[in-house]
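Asks: Requesting a structural model of the entry that follows:
(one chain, ligands or ions: 1)
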Amino acid sequence: MESHKLLIGGAWVDAVNGEREDVTSPFNGDIVGDVAVARPADAERAITAALSGFDVWRRTPAHVRFAILTKAAALADERAEEMAQIMSRENGKSLVEARGEAGRSGDIIRLSAFEGSQLYGDSLPLDANKGTGLEKLGFTIHQPVGVVVAISPFNYPALLVMHKVAPALAAGNAVVLKPARATPLTALALAKCFVDAGLPDGVLNVVTGGGSDLGDALVRDTRVRKISFTGSTRVGEHIASIAGIKKLSLELGASGPVIVLDDADIDAATTSIALGGYINAGQVCISAQRIIVHEKIVDDFLSALTPKVQAIRVGDPLAEGTAVGSMISRAEADRVTASIRAAVTSGARLVTGGEQDGSIIQPAIVADVDPFSPFAQDELFGPAVAVSAARNLEHAIDLANSTAYGLGAGVFTNNMSNSIRAIREIESGVVHINWTQLWRADLMPYGGFKASGIGKEGPRSAIAEMTEIKTVILHGTPWTHS
Ligand code: NAD
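Replies: Reported below is the predicted structural model:
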């Protein structure tokens, strides 16, 4: 078991008030490590340190930033197994999932480092402006915004930290990272890769602790120029209400729809849904939650899906062979069980799964779900799918668009016209044809519509949102050609 401090100004330090807390396994309650609990006084110190770090980093040439980041990426690769073990213990996700996630960290840093070396501007055709001659030159340059506050959720403790920290640093910003309270250890292990790679002091600071007082202090501070937040829509709305005038990226919740039309390959659709609805115990913003199936094929669809869901091996996250581990806490598992029960009480049918043992829930299929009931409309964030019937494509798209959210969607069809119509009409940040929304290449633009958020991640998009465009005009004097 390791004890961890806060990373502030390049040093590992205690919280001002000396407070500490244990990080425990959601699977069996074992203590995995302990961390300092930061409060607003620590937020103040971290932001001050980040301003000093920014002073150095903004003046560091891009090729030097690139070299430091690629060294950090190599360290993240070397330490991937160690990080996967930590992640599986603190989060409860299976080791196989944790390995997949940890293995992407180095790649995200490298992608970001490259994009950070590509900050091209535009030249402006000023002489097209009436009355302006050829004596002026105009162009744009891209500059880092300054101090970025990165706030991340528990469900992907490495991936979602890296999608903020790596682009921010690559663009020349300084960062104060506040990881989720339940999963600080993976974030601290990643931060160590940057420190060991030679990142100047203060450029990356990490404060561990709860959301409310610490989070509010970070979000309200007027010296912070950008908040990059991933988490629930509830907290995202709160952040938007107190942030003041600063750039804001919000990656929020969802109730992801998957449409299965009567011309779809049912075997392929059910194989994909048996992954997309249950990976990470369904605790994924792009989880396949609402399965909207053409009414003609509902029975065939359920017959094909059920054995695939029953075959998912759930259990001890660290045991080899476990596909899906525990949920993040007993309380979250209780919440999901209560949601399934409420759906069944109001007329839905539990086809399989749903048994709870502590923080583990057996993967469930709930059929005949009223698409306007809370079980479909609200984010479930657990290992169950809600199956509802649709009369035709138009009806299916209407149902897909019927929630407050719009992050990812999947459509299964073998008809190109149906695909094109769905792509154009589904209100969501990402649409997949013949796969569920639970798929991500780290380079792609990624972010939601409606209550699912504001802005896009993916290194190129994130860097665009973490830089300012400065327009420069050089005023020469008119000349005559002799
Ligand atoms: P959460 O909103 O409870 O917490 C997210 C982070 O916000 C944590 O670090 C938390 O400590 C912090 N926080 C809480 N109150 C705060 C405050 N007042 N000020 C500042 N920070 C505060 O979310 P969670 O339970 O950790 O994660 C699950 C949620 O995240 C789900 O809704 C899921 O859909 C969403 N999510 C979205 C995406 C996406 O890309 N859209 C990705 C992953 C998770």
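Asks: tell me the secondary structure for the residue nearest the centre of the chain?
Replies: The residue lying closest to the centre of the chain (C-alpha atoms, centre = their mean) is Leu160, at 4.5 Å. Under DSSP: H, G, I helix; E, B strand; the rest coil, the three-state class of Leu160 is helix.
Asks: What separation do you get for it and Tyr446?
Replies: Distance of Leu160 to Tyr446, given as C-beta to C-beta, to the nearest Å: 11 Å. (Each C-beta comes from the backbone N, C-alpha and C, glycine too.)
Asks: Tell me the residues that contact both of those two, please.
Replies: Glu251 (C-beta atoms under 8 Å, 6 or more residues apart in numbering).
Asks: sorry, back to before: residues touching the residue nearest to the centre of the chain, list them.
Replies: 152-153, 230, 251.
Asks: ok, 6 Å please
Replies: By C-beta atoms under 6 Å, 6 or more residues apart in numbering, the contact set of Leu160 is 152, 230.
Asks: So Val385 belongs to a helix, correct?
Replies: No - under three-state DSSP, Val385 sits outside any helix and is assigned strand.
Asks: Chain neighbours aside, what residue packs nearest to it?
Replies: In space, and not counting its chain neighbours, Val385 is closest to Gly277: 4.1 Å by C-beta to C-beta, 6 or more residues apart in numbering.
Asks: Pretty sure that neighbour sits against Ala288.
Replies: Yes - under the criterion of C-beta atoms under 6 Å, Gly277 makes contact with Ala288 at 4.5 Å.
Asks: pLDDT wise, what is His481 at?
Replies: For His481, the model assigns a pLDDT of 84.
Asks: Checking it next. Helix, strand or coil?
Replies: Going by three-state DSSP: His481 is coil.
Asks: how far away is it from Asn129?
Replies: To Asn129, His481 is 21 Å away according to C-beta to C-beta.
Asks: who's more crowded, these two?
Replies: Asn129 (11 against 3; other C-beta atoms under 10 Å).
Asks: if I look at that one, how far off is the ligand?
Replies: 41 Å (C-beta to the nearest ligand atom, to the nearest Å).
Asks: Ok, Val219 next?
Replies: Distance from Val219 to the ligand, by C-beta to the nearest ligand atom: 5 Å.
Asks: hang on, that residue in a strand?
Replies: No - applying three-state DSSP, one finds Val219 to be helix, outside a strand.
Asks: show me the residues around it that make contact.
Replies: Val219 makes contacts with 227, 239, 242-243, as judged by C-beta under 6 Å, 6+ apart.
Asks: now these in TSV, with pLDDT, secondary structure and neighbour count?
Replies: Formatted as TSV, the contacts of Val219 follow (pLDDT from 0 to 100; DSSP: H, G, I helix; E, B strand; the rest coil; neighbours: other C-beta atoms under 10 Å):
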residue	pLDDT	secondary structure	neighbour count
Ile227	98	strand	25
Ile239	98	helix	23
Ile242	98	helix	11
Ala243	98	coil	20
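Asks: Taking these together, which two end up most distant?
Replies: Across the contacts of Val219, no pair lies farther apart than Ile227 and Ile242, at 10.0 Å, counting by C-beta to C-beta.
Asks: How is whatever residue of the stretch 51-200 of the chain ends up closest to the ligand assigned, secondary-structure-wise?
Replies: Ranked by C-beta to the nearest ligand atom, the top residue of the stretch 51-200 of the chain for proximity to the ligand is Pro153, at 3.1 Å. Classification of Pro153 using three-state DSSP returns coil.
Asks: Can you name the residues of the stretch 1-150 of the chain sitting close to the ligand?
Replies: Applying C-beta under 6 Å from any ligand atom, we find that the stretch 1-150 of the chain lies next to the ligand at no residue.
Asks: what's the answer for the stretch 351-482 of the chain, then?
Replies: Remark: the part of the stretch 351-482 of the chain in contact with the ligand comprises 379, 381, 407, 448, 452-453, using C-beta under 6 Å from any ligand atom.
Asks: swap the cut-off to 8 Å and go again
Replies: Within the stretch 351-482 of the chain, the positions near the ligand by C-beta under 8 Å from any ligand atom are 379, 381, 407, 446-448, 452-453, 457.
Asks: Could I get those residues in TSV, plus columns for pLDDT and secondary structure?
Replies: Output for these, formatted as TSV (pLDDT from 0 to 100; DSSP: H, G, I helix; E, B strand; the rest coil):
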residue	pLDDT	secondary structure
Glu379	98	coil
Phe381	98	coil
Leu407	98	coil
Tyr446	98	strand
Gly447	98	coil
Gly448	98	coil
Ser452	98	helix
Gly453	98	strand
Glu457	98	strand
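Asks: mind putting those residues in TSV, neighbour count and distance to Arg65 included?
Replies: As requested, those are exported to TSV (neighbours: other C-beta atoms under 10 Å; distance: C-beta to C-beta, whole Å):
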residue	neighbour count	distance to Arg65
Glu379	22	37
Phe381	24	36
Leu407	26	31
Tyr446	22	23
Gly447	23	25
Gly448	27	30
Ser452	28	32
Gly453	27	28
Glu457	23	20
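Asks: Show me the helices in the stretch 1-150 of the chain, by range?
Replies: 40-57, 62-78, 80-91, 95-102, 105-116 (DSSP state H, counting those that start in this stretch).
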